[in-house]
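**Q** Sequence plus predicted model, see below.
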Amino acid sequence: MPSLKDIRNRITSVKSTQKITSALKMVAASKLRRAQEQAEAGRPYAVRMGRMLASLAANVAGGPGGPRLMTGTGNDQVHLLVVMTADRGLAGGFNSSIVRATKRQILSLQAQGKVVKLLCVGRKGRDLLRREFPSLITASFEEVGKKRLSYADADMITAKLLEMFEAGEFDIATIIYNKFKSAITQEVTLQQIIPFAAPQAAAEVADASVRPVYEFEPNEESILADLLPRNVAIQIYSALLESAASFFGAQMTAMDNATRNAGEMIKKYTLIYNRTRQATITKELIEIISGAEAV
Amino acid sequence: MADKVEFELVSPEKLLVSQPVTMVVVPGAEGALGVLPGHAPMIVTVKPGVIDIYGNDMVTVTQRIFVAGGFCEITADRVTVLAEEATDLEALRRQDKGGLEKQIADLSEDLEDAKSDGERHAVEAKLAIAQAKLELFGQSVH
């Protein structure tokens, strides 16, 4: 049976843990708000880019010899998975759910006889995946947007991705990230970014007769050649933003739970502490009384 | 026909301008082009330069914004500029001129050191942006 002092120490230690988790929760909540704002601010650009690209694609589509970023390499042998996790843990199932989805995807692709390569964004994902698939990881990025996520971060990842694509190191690229649903729920999302797949809805609008006939300056091909890499960067950027917002959401929820659990634990220990204390007092009283009776 | 055209300037990080304007001049890759309401639909690449937003009398410039290249979509009633980076001209002029000159010198060196074609293109693009910024300082003297 633990002594009173042991229990007292346990209570103090749980209390200080609770202080840390509740502080982390506050931090996550304020960062979440900022990340959410940033994600919203980035949306208009992505929407307009999609609209422009859809009308361009409708003009160029069908013709052979289009840019490879749109038509693909004509092969689907080598898949590249861009895995987006966080650099830090303490966020519940945030990182592990991504890693689990990645593993499932790797195994199903390998079962089909495809070659899989990995590009990790975020330290946690790299560490976890390296244990099981050390040979698949081709590159990894850490501490992306540590202070504040900027477009330049997405640009850096895109540059690497395009360089690999130009070198013919993969045929199809897919990003795996947590899509932000609400502060308490995230959804693991797989999204193909290379070759470019026009969103269905946008394609339908582009097909409608209301679509204006555009003139192009300098010409369709060179604009498209410029626009497609930019589009990849934008998709990565918005995935990074979603992932960041999801991370803080997950962290906030996890820390909220931890704080509540710590509260329960403190209550339980306090009860045990008081019982033990009373038991000691009772025991001492019995000893005194029986001692007095014996005299 | 409306007498105004809806002008939007967006960078990846936020929506910078969204307002109806009478005329706007965009630095296209093949020459600046002024857009008035009812313009033919066009998609244009934008080079580093200044976007001028004109007031109602079409003579005075109400706002000047520096963009570091991008794309511009024009329809009869809408002008959308997707810029990589955009700064208000006044804010840009407050920046350090010496730093910009140094940046150009550094980039010129990088250009000589660039190994692959891709690398060279990237540096050239940065150089063009920095030079366009520097030219603006020249203008501000007048």
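**A** Great, that's in hand.
**Q** ok, now which ones touch the residue nearest to residue A:130 when sequence neighbours are not counted?
**A** Spatial nearest neighbour of residue A:130, excluding adjacent residues (Cβ to Cβ, 6 or more residues apart in numbering or on different chains): residue A:137 at 6.1 Å. Heads up, the C-betas are built off the backbone N, CA and C, glycines and all. If you count contacts by Cβ atoms under 8 Å, 6 or more residues apart in numbering or on different chains, residue A:137 has them with A:117, A:118, A:119, A:120, A:126, A:129, A:130.
**Q** and of the residues you listed, the nearest to chain B?
**A** Closest approach to chain B among the contacts of residue A:137 (Cβ to the nearest Cβ): residue A:119, at 17.9 Å.
**Q** most centrally placed residue in chain B?
**A** Centroid-nearest residue in chain B, with Cα atoms, centre = their mean: residue B:67, separated by 2.8 Å.
**Q** you'd agree that residue is in a strand?
**A** Yes: applying DSSP: H, G, I helix; E, B strand; the rest coil, one finds residue B:67 inside a strand.
**Q** Could you check how far it is from residue B:29?
**A** Look at residue B:67 and residue B:29: by Cβ to Cβ, to the nearest Å, they are 12 Å apart.
**Q** Spell out which residues are contacts of both of these two.
**A** Going by Cβ under 8 Å, 6+ apart, residues that sit against residue B:67 and also against residue B:29 are residue B:46.
**Q** Stretch A:34-46 and chain B, are they touching?
**A** Yes: using Cβ under 8 Å from any Cβ of the partner chain, stretch A:34-46 reaches chain B at A:38, A:41, A:42, A:44, A:45.
**Q** Let's verify the spatially most central residue of chain A: helix, strand, or coil?
**A** The C-alpha lying nearest the average C-alpha coordinate of chain A belongs to residue A:243 (Cα atoms, centre = their mean; 3.8 Å). Recorded secondary structure, residue A:243: helix (three-state DSSP).
**Q** And residue B:38, by the same measure?
**A** Classification of residue B:38 using three-state DSSP returns coil.
**Q** Residue numbers of chain A in contact with chain B?
**A** For chain A, the residues in contact with chain B (Cβ under 8 Å from any Cβ) are A:38, A:41-42, A:44-45, A:48-49, A:51-52, A:55-56, A:150-151, A:154, A:159, A:163, A:166, A:212-218, A:222-223, A:226-227, A:230, A:233-234, A:237.
**Q** Buried subset of those residues as a ChimeraX selection?
**A** In ChimeraX, this line selects whichever of those come out buried by 16 or more other Cβ atoms under 10 Å in any protein chain shown:
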select /A:38,41,42,44,45,48,49,52,55,56,150,151,154,214,216,217,223,226,227,230,233,234,237
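**Q** out of the residues of chain A next to chain B, which are inside helices?
**A** Judged by DSSP state H, helices contain the following of the residues of chain A next to chain B: A:38, A:41-42, A:44-45, A:48-49, A:51-52, A:55-56, A:151, A:154, A:159, A:163, A:166, A:222-223, A:226-227, A:230, A:233-234, A:237.
**Q** OK, contacts around the closest residue to residue A:196 other than its chain neighbours?
**A** Closest residue to residue A:196 apart from its sequence neighbours, by Cβ to Cβ, 6+ apart: residue A:70 at 4.8 Å. Residue A:70 is in contact with A:57, A:60, A:195, A:196, A:224, A:228, counting by Cβ under 8 Å, 6+ apart.
**Q** one more time with 7 Å, if that's ok
**A** A:57, A:195, A:196, A:228 (Cβ atoms under 7 Å, 6 or more residues apart in numbering or on different chains).
**Q** Residue B:22 now?
**A** Here residue B:22 is in contact with B:3, B:4, B:54, B:56, B:58 (criterion: Cβ under 7 Å, 6+ apart).
**Q** Which pLDDT value goes with the residue of the stretch 51-200 of chain A found nearest chain B?
**A** Among the residues of the stretch 51-200 of chain A, residue A:151 lies closest to chain B, at 4.2 Å counting by Cβ to the nearest Cβ. Residue A:151 carries a pLDDT value of 82.
**Q** Assign the spatially closest residue to it that is not a sequence neighbour to helix, strand or coil.
**A** Nearest non-adjacent residue to residue A:151, counting by Cβ to Cβ, 6+ apart: residue B:12, 4.2 Å away. Secondary structure, three-state DSSP: residue B:12 is coil.
**Q** Tell me, how many residues neighbour residue B:12?
**A** Other residues near residue B:12 come to 26 when the count uses other Cβ atoms under 10 Å in any protein chain shown.
**Q** Then residue A:36?
**A** For residue A:36, the neighbour count with other Cβ under 10 Å is 18.
**Q** Find the nearest non-adjacent residue to it, please.
**A** Spatially, and ignoring its direct neighbours in sequence, residue A:36 is nearest to residue A:245 (5.2 Å; Cβ to Cβ, 6+ apart).
**Q** looking at this, residue B:108 is in a helix?
**A** Yes: counting by three-state DSSP, one finds residue B:108 located in a helix.
**Q** and residue B:6, what element?
**A** Using DSSP states H and E, residue B:6 sits within strand B:5-10.
**Q** name the helices or strands packed onto the strand or helix carrying residue B:49?
**A** Element membership for residue B:49, per DSSP H and E: strand B:42-54. Counting contacts by 3 or more Cβ pairs under 7 Å, 6 or more residues apart in numbering or on different chains; DSSP states H and E, strand B:42-54 is packed against strand A:215-217, helix A:220-294, strand B:23-28, strand B:61-75, helix B:117-141.
**Q** Quick one: mean pLDDT over stretch A:67-77.
**A** The pLDDT scores in stretch A:67-77 average 75.
**Q** Render the CA-only coordinates of it in PDB, please.
**A** C-alpha atoms of stretch A:67-77 as PDB (Å, rounded to 0.1, in the frame of the first residue of the first chain):
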ATOM      1  CA  PRO A  67       1.700  19.000 -71.600                       C
ATOM      2  CA  ARG A  68       2.700  15.800 -69.700                       C
ATOM      3  CA  LEU A  69       1.400  17.300 -66.500                       C
ATOM      4  CA  MET A  70      -2.100  17.100 -67.900                       C
ATOM      5  CA  THR A  71      -2.000  14.000 -70.100                       C
ATOM      6  CA  GLY A  72       0.300  12.000 -67.900                       C
ATOM      7  CA  THR A  73       3.200   9.800 -69.000                       C
ATOM      8  CA  GLY A  74       0.900   7.300 -70.600                       C
ATOM      9  CA  ASN A  75       1.900   4.800 -67.900                       C
ATOM     10  CA  ASP A  76       0.800   4.100 -64.400                       C
ATOM     11  CA  GLN A  77       3.500   1.900 -63.100                       C
END
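**Q** Would you mark the buried spots in it?
**A** A:67, A:68, A:69, A:70, A:73.
**Q** I'd like those written out as TSV, with secondary structure added.
**A** Converted to TSV, the buried residues of stretch A:67-77 look like this (three-state DSSP):
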residue	secondary structure
A:67	coil
A:68	helix
A:69	helix
A:70	helix
A:73	coil
